[in-house]
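Enquirer: sharing a model that was predicted from the sequence below.
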Amino acid sequence: MESVKKQLMEFSEEAHDLYLSRSVPYLDGSPDPLVFFRDWIAPNKPVIIRNACSHWPALNRWTPQYLREKVGSKVISVAVTPDGYADAVSGDRFVMPEERRMTLSAVLDLMEEKRRRRRGVFYVQKQCSNLLDELPELTDDLESHVPWMSTALGKLPDAVNFWLGEESAVTSMHKDHYENLFCVISGEKNFILLPPTDRPFIPYGLYQPAVYRQTEDGEFEVVDQSGAEKVPWIPLDPLDPDLEQFPQYSRARPISCSVKAGEMLYLPSLWFHHVRQSHGCIAVNFWYDMDYDIKYNYYQLLHALTQLAE
C-alpha cells in the first residue's frame, strides 16, 4: 500500500508540473467551440472567460428594485443555516440546510436588512434548474444556454440555476459530476479549486445525514435523517485547514480565483471547489451532465486507489 500511496502522490505532483497552472487563466471573449473543447474541456482545466455574457440584459437589469417588480411575489426555495454552511460536516454529522419557501422580495429584504430576522443565514442555492422552474420570467434577460459551450459539448445544459446569497453563506469543499459554467451577474464569487489529481491529499469521511431545523425561539437544532445511508464528505475547511488532523493536505496545491460581474468560470467536472461570495451576489450557472466514460472511469479509479492506500 505504501508504494501505491507514493505513486499517487508523484502522479499529482507531475500533473501540476506538466499541465496544471498555478492560477486560473483568462480568455477575452467567447471562444471557438472546437478550440474550447480541445484546450479546456478535454484536458479538464478551469478558465475564466471575460466579455462572454456582457450582452445579457441581466447585467444591467437585475437590481433589487427590478427583481422585486418582475418576480418579487414568486415563492422560491431558500436554504437556511445557523452559520452559513449548508451541506457540510458539522461534528459527526453531514448537515443539510432547512429548506424554506419564501417570496423573492422577502429574501431581498433580508439581504438589504429591511426585515427583522430570527437569526440564520439565507442562501438561494437550489441546484435543480431553479431558474427555469421557479423564476422563468427572468429567462428573457439572458440566454437559455451558452451557445459555444453547448456546441462544444454537443448538447444543451441539464440545469440552469439561480444563486443569491449573503456574504457569510459558504459552499463547503466538494466535487460535481458536471461541466459547470458559472456566470456572475453582480458582485463576485470567490473559489478555492483543487484538481482531481490532488485527491490523495483530500480527506473523506462517512457521516450520518441530518438537517437543520429552526425552532420557535429562533435556535437551530440538528435532526437526523433516520434510515438514511451515511454520506461521504470532506471534513476539511480549506479556509482554516487542520493540518494536525489532516497532515496530507499540506501537499495539496489549491488555486484561488475571483469571478466578477460579467465573467464566466468554466469549472471542469470532478474538480474540488469551495465557494464564497460578496454580500447579495447574484449568479447563474449552467450544468452539463458529464457523460464521458473515459474521464469518469479514470477519476473513479484514482479515487478507489486513494481509498485503498489510506
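Expert: Here it is on my side, so go on.

Enquirer: list the contacts for the nearest residue to Glu167 once chain neighbours are set aside?
Expert: Leaving aside its sequence neighbours, Glu167 sits nearest to His279 (Cβ to Cβ, 6 or more residues apart in numbering; 3.9 Å). Backbone N, C-alpha and C define where each C-beta goes, glycine included. Applying Cβ atoms under 8 Å, 6 or more residues apart in numbering to His279 gives the contacts Met111, Glu166, Glu167, Gly187.

Enquirer: lowest-confidence one in those residues?
Expert: Lowest pLDDT of these: Met111, 88.

Enquirer: chain neighbours aside, what residue packs nearest to that one?
Expert: Residue nearest to Met111 in three dimensions, not counting chain neighbours: Gly280, with 4.7 Å by Cβ to Cβ, 6+ apart.

Enquirer: per-residue pLDDT, that neighbour?
Expert: 93.

Enquirer: again with Met96
Expert: Value listed for Met96 in the pLDDT field: 97.

Enquirer: what's the neighbour count on it?
Expert: The local packing of Met96 (other Cβ atoms under 10 Å) involves 18 other residues.

Enquirer: what does Pro235 give?
Expert: Pro235 has 19 nearby residues by other Cβ under 10 Å.

Enquirer: check which helix or strand it maps to.
Expert: Pro235 is part of no helix or strand when elements are defined by DSSP states H and E.

Enquirer: and the residue nearest to Glu167, how far from Asp240?
Expert: 21 Å (Cβ to Cβ, to the nearest Å).

Enquirer: verify the stated contact: Arg251 with Thr197.
Expert: No. When contacts are counted by Cβ atoms under 8 Å, Arg251 is not listed as touching Thr197 (11.6 Å).

Enquirer: the two: which has the busier surroundings?
Expert: Per other Cβ under 10 Å, whichever of Arg251 and Thr197 has more neighbours is Thr197, with 22 against 12.

Enquirer: wait, a strand at that one?
Expert: No. Judged by DSSP: H, G, I helix; E, B strand; the rest coil, Thr197 forms no part of a strand; its state is helix.

Enquirer: now it: closest residue in space that isn't a chain neighbour?
Expert: In space, and not counting its chain neighbours, Thr197 is closest to Ala15: 4.1 Å by Cβ to Cβ, 6+ apart.

Enquirer: how many neighbours does that neighbour have?
Expert: Ala15: 15 surrounding residues under other Cβ under 10 Å.

Enquirer: now it: how far from Ile282?
Expert: From Ala15 across to Ile282, the span is 34 Å (Cβ to Cβ).

Enquirer: what ranges does the stretch 201-310 of the chain have for its helices?
Expert: For the stretch 201-310 of the chain, the helices defined by DSSP state H, counting those that start in this stretch cover 293-309.

Enquirer: pLDDT weak spots in it?
Expert: 291-310 (pLDDT under 70).

Enquirer: let me see the ranges of the strands in it.
Expert: In the stretch 201-310 of the chain, the strands defined using DSSP state E, counting those that start in this stretch lie at 205-214, 220-224, 231-233, 255-260, 263-267, 272-277, 281-289.

Enquirer: would you format these as JSON lines with distance to Asp140 and mean neighbour count included?
Expert: Converted to JSON lines, the strands of the stretch 201-310 of the chain look like this (distance: least, Cβ to Cβ, whole Å; neighbours: other Cβ atoms under 10 Å):
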{"stretch": "strand 205-214", "distance to Asp140": "35", "mean neighbour count": "17"}
{"stretch": "strand 220-224", "distance to Asp140": "38", "mean neighbour count": "14"}
{"stretch": "strand 231-233", "distance to Asp140": "38", "mean neighbour count": "17"}
{"stretch": "strand 255-260", "distance to Asp140": "24", "mean neighbour count": "17"}
{"stretch": "strand 263-267", "distance to Asp140": "20", "mean neighbour count": "23"}
{"stretch": "strand 272-277", "distance to Asp140": "25", "mean neighbour count": "22"}
{"stretch": "strand 281-289", "distance to Asp140": "13", "mean neighbour count": "22"}
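
Enquirer: who touches Val170 in this structure?
Expert: Gly84, Tyr85, Ala86, Ala88, His274, Val275, Arg276.

Enquirer: hey, what's it bridged with?
Expert: Beta bridges link Val170 to Tyr85, judged by DSSP bridges.

Enquirer: now the angle from the helix or strand hosting Val107 to strand 281-289?
Expert: Using DSSP H and E, Val107 sits in helix 104-111. Here helix 104-111 runs at 120 degrees with respect to strand 281-289, directions being taken by axes from the mean of the first three to the mean of the last three Cα atoms, to 10 degrees.

Enquirer: just the CA coordinates of helix 104-111, formatted as CSV?
Expert: In CSV, the C-alpha atoms belonging to helix 104-111 read as follows (Å, rounded to 0.1, in the frame of the first residue of the first chain):
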residue,chain,number,x,y,z
LEU,A,104,-38.0,36.6,-3.5
SER,A,105,-39.0,40.0,-2.1
ALA,A,106,-38.7,38.6,1.4
VAL,A,107,-35.2,37.3,0.6
LEU,A,108,-34.1,40.6,-0.8
ASP,A,109,-35.5,42.4,2.3
LEU,A,110,-33.2,40.2,4.4
MET,A,111,-30.2,40.9,2.1
